[in-house]
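S.K.: Pasting the sequence and the predicted coordinates here, then a few questions.
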Amino acid sequence: MTVTEKELLRIVDDYGQAWNSHDVDEIMAMHTEDTVFRLHLLGSSEVTGKAEVREVFAGLLALWPDIHFATDRISVGPDFFVHQCSITTTLAAPLPLGGSVLQPTGKPMRFSGVDVIGMSGKLVHRKETYLDVAAAMQELGAL
């Protein structure tokens with residue numbers, strides 16, 4: 001199924017709204033059954049399948065309960081989009097990162113992120129997330 005650029009931009013907007021409302025059911029309704037997610041963060045592995053990805057997303061939203069994504073730039077292609085954003089959030093629980101554990105400070109933080117989203121028709125098939133971990137660590141006092 002071919003999706004027009006206008007349709008894809010509407011999907012991008014809806015997907016962003018679902019994430020900013022922290023509605024895991026709404027987010028997952030926009031994914032294929034065989035969806036794939038990878039958070040490129042110190043050897044994190046790829047997660048495949050709707051149930052498994054849902055569990056990871058729910059965990060991330062619990063870790064960052066007030067997370068908000070502000071779009072800096074959207075780039076679209078025939079079956080993908082790239083979302084560059086500024087992320088504001090507060091870490092709510094200890095975060096294992098490599099060989100250390102980052103502790104919550106109770107203070108809001110801001111860092112950048114990029115999602116590369118592969119589409120299958122009107123559904124997200126693959127989500128690759130890259131975060132500015134150094135900026136996040138600096139905000140948490142770990143650097």
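M.R.: Yep, it's here. Numbering: from 1, shown residues only.
S.K.: quick one: stretch 118-130 to chain centroid distance?
M.R.: Relative to its parent chain, stretch 118-130 has a centroid offset of 11 Å by CA atoms, centre = their mean, to the nearest Å.
S.K.: Not counting its own residues, what contacts that stretch?
M.R.: When contacts are defined by CB atoms under 8 Å, 6 or more residues apart in numbering, stretch 118-130 is touched by residues 1, 3, 7-8, 11, 15, 30-32, 34-40, 53, 79-81, 113-117. Any C-beta I mention is one placed from the backbone N, CA and C, and that applies to glycine too.
S.K.: Which ones among the residues you listed map onto strands?
M.R.: 31-32, 34-40, 80-81, 113-117 (DSSP state E).
S.K.: before we move on, the earlier item: list only buried entries from the contacts of stretch 118-130.
M.R.: 3, 8, 11, 15, 30-32, 35-39, 53, 80-81, 113-117 (16 or more other CB atoms under 10 Å).
S.K.: Can you check which helix is longest in this protein?
M.R.: Longest helix in the chain by number of residues, with DSSP state H as the criterion: helix 5-20.
S.K.: Tell me the one of the ones in strands among the contacts of stretch 118-130 nearest Phe69?
M.R.: Gly113 (7.3 Å; CB to CB).
S.K.: Does the closest one touch Cys85 like I think?
M.R.: Yes: under the criterion of CB atoms under 8 Å, Gly113 makes contact with Cys85 at 5.4 Å.
S.K.: show me the residues around the nearest residue to Leu102 once chain neighbours are set aside that make contact.
M.R.: Excluding the flanking residues, the one nearest Leu102 by CB to CB, 6 or more residues apart in numbering is Leu95, at 4.3 Å. Residues in contact with Leu95 (CB under 8 Å, 6+ apart) are 63, 101-102, 104.
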